[in-house]
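Engineer: Build the 3D model from these lines:
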Amino acid sequence: RLLPEHFTFTRPGGVVLKKAQLLRLIGLGELVYERIDRRYDYVSAHLNTAVVIGRDAVVGSYQGRDLSGQYRFCSMYLRAGGGWQVSVTHTHRLVGDEG
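Structural biologist: Below you'll find the predicted structure:
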């Protein structure tokens, strides 16, 4: 419910996934999140739109390869049907002094 049909996720490395692709990877066990510890650094809302920027400490794997680490994310939410849905999320992995 949180993800509308037009949801778009940009993974580190620039790979863009739509909702169905992301859910398929999770359903097949190719993308596994064991834990995500989220910290919100910035939230701004105006009318029916909100932007959230933060950091995720992730423990997980993608196609058997460890993807654990620190990530920065930026997400845009839209208010629809009485609730908020995330429309787009972009992530990149933090390295060195970025973390």
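
Engineer: So P12 versus Y40, what's the distance?
Structural biologist: Distance, P12 to Y40, using C-beta to C-beta, to the nearest Å: 20 Å. Yep, even glycine has a C-beta here, placed from its N, CA and C like the rest.

Engineer: any idea of the mean pLDDT for the host helix or strand of I53?
Structural biologist: Under the criterion of DSSP states H and E, I53 resides in strand 49-62. Summarised as a single mean, pLDDT over strand 49-62 is 96.

Engineer: Contacts for the helix or strand just after that strand, please.
Structural biologist: Moving toward the C-terminus from strand 49-62, the next helix or strand (DSSP H and E) is strand 65-66. Under the criterion C-beta atoms under 8 Å, 6 or more residues apart in numbering, residues G60 lie in contact with strand 65-66.

Engineer: same deal with stretch 69-82?
Structural biologist: Here stretch 69-82 has contacts from 4, 12, 47-58, 84-94, 98-99, using C-beta under 8 Å, 6+ apart.

Engineer: Between P12 and Y40, point out the one with more neighbours.
Structural biologist: P12 (15 against 10; other C-beta atoms under 10 Å).

Engineer: where do the strands sit along this protein?
Structural biologist: 8-10, 16-18, 31-46, 49-62, 65-66, 69-80, 83-93 (DSSP state E).

Engineer: Just name the most buried of these.
Structural biologist: Ranked by mean neighbour count, the strands of the chain are led by strand 8-10 with a mean of 18 (mean count of other C-beta atoms under 10 Å).

Engineer: And the pLDDT for L3?
Structural biologist: L3 is assigned a pLDDT of 87 by the prediction.

Engineer: excluding its backbone neighbours, what's nearest the spatially most central residue of the chain?
Structural biologist: Geometric centre of the chain, nearest residue: T89, 4.9 Å, by C-alpha atoms, centre = their mean. Leaving aside its chain neighbours, T89 sits nearest to S75 (4.4 Å; criterion: C-beta to C-beta, 6 or more residues apart in numbering).

Engineer: Relative to Q63, how far out is the one you found?
Structural biologist: 24 Å.

Engineer: related to what we said a few turns ago, what is the residue nearest to T89 paired to in the beta sheet?
Structural biologist: Beta-bridge partners for S75, by DSSP bridges, are V52, T89.
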